[in-house]
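Colleague: okay, here's the prediction I keep looking at, along with the sequence it came from:
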Amino acid sequence: MQWYDLFLSLISLRSFSVLWYWIALWFFWSVVTRRVLGVPGELAIRAQSDPRAAEEALWFARFEVRRRMAVSAPRRMIAVTLLAFAASALLTLALSGLEAAQALLPFLLPWILIEALRERLARRLMRDAPGAEALAGLLIWHKIAMQAIAGGTIFLTFIWGAWRNLSLLMP
């Protein structure tokens, strides 16, 4: 094997058979699920038993809620419209058999779902203004939901990628 064949195999466009794709998928989901509405994950877990950590989590969450709610309605509508267009275009390309689009779906669609859950939680926190202890429970459940979505996405991507690679090997 020549050096350029080795190099080109690293940047192959056959997404599901390249190790870099799986590293990028894992890295993306580990970064997305690291924080729970602006609160570091370990702080959200500690907040259940430590009142000081709960107050810190409340401060982080309030900051993130204010930041999210400061975005104007027209800007939100533009963002939702662009995301909906990108998601529907990507889904259409994926359903037509384009492997690159199929490889990007596990990044975009679940991320949109997680952002919608974050927005919903931010609106709930703005409306209800829970105390530090109640907030800790909400953050834990949100973290569990995010990790379930990420884990399910990685599992389903693995199944789809394995099927895709095996189907390309069969005549």
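Modeller: Alright, I've got the coordinates.
Colleague: got any ranges where the protein has weak pLDDT?
Modeller: 1-14, 171 (pLDDT under 70).
Colleague: now with 80?
Modeller: Scanning the chain for pLDDT under 80 picks out 1-19, 132, 165, 167-171.
Colleague: longest helix of this protein?
Modeller: helix 132-169 (DSSP state H).
Colleague: helix or strand: which one has the most centrally placed residue in the chain?
Modeller: Centroid check for the chain by CA atoms, centre = their mean gives W111 as the closest residue, at 3.6 Å. Applying DSSP states H and E as the criterion places W111 in helix 99-128.
Colleague: report the angle between that helix and helix 132-169.
Modeller: Angle of helix 99-128 versus helix 132-169, following axes from the mean of the first three to the mean of the last three CA atoms, to 10 degrees, is 170 degrees.
Colleague: tell me which residues in helix 99-128 are buried?
Modeller: For helix 99-128, a neighbour-count test (16 or more other CB atoms under 10 Å) marks 99, 101-107, 109-111, 114, 118-119, 121-122, 125 as buried. The C-beta positions use only the backbone N, C-alpha and C, and glycine is treated the same way.
Colleague: show me what contacts A101?
Modeller: L90, L91, L93, A94 (CB atoms under 8 Å, 6 or more residues apart in numbering).
Colleague: with neighbour count and distance to K143 added, can I get those residues in CSV?
Modeller: Shown next, in CSV, are the contacts of A101 (neighbours: other CB atoms under 10 Å; distance: CB to CB, whole Å):
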residue, neighbour count, distance to K143
L90, 19, 27
L91, 15, 27
L93, 16, 32
A94, 17, 29
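Colleague: report the two of those separated the most.
Modeller: L91 and L93 (7.4 Å; CB to CB).
Colleague: can you list contacts of the helix or strand harbouring W22?
Modeller: Assessed by DSSP H and E, W22 sits inside helix 19-32. Here helix 19-32 makes contact (CB under 8 Å, 6+ apart) with 10-11, 15, 103, 106-107, 111, 114, 146, 150, 153-154, 157.
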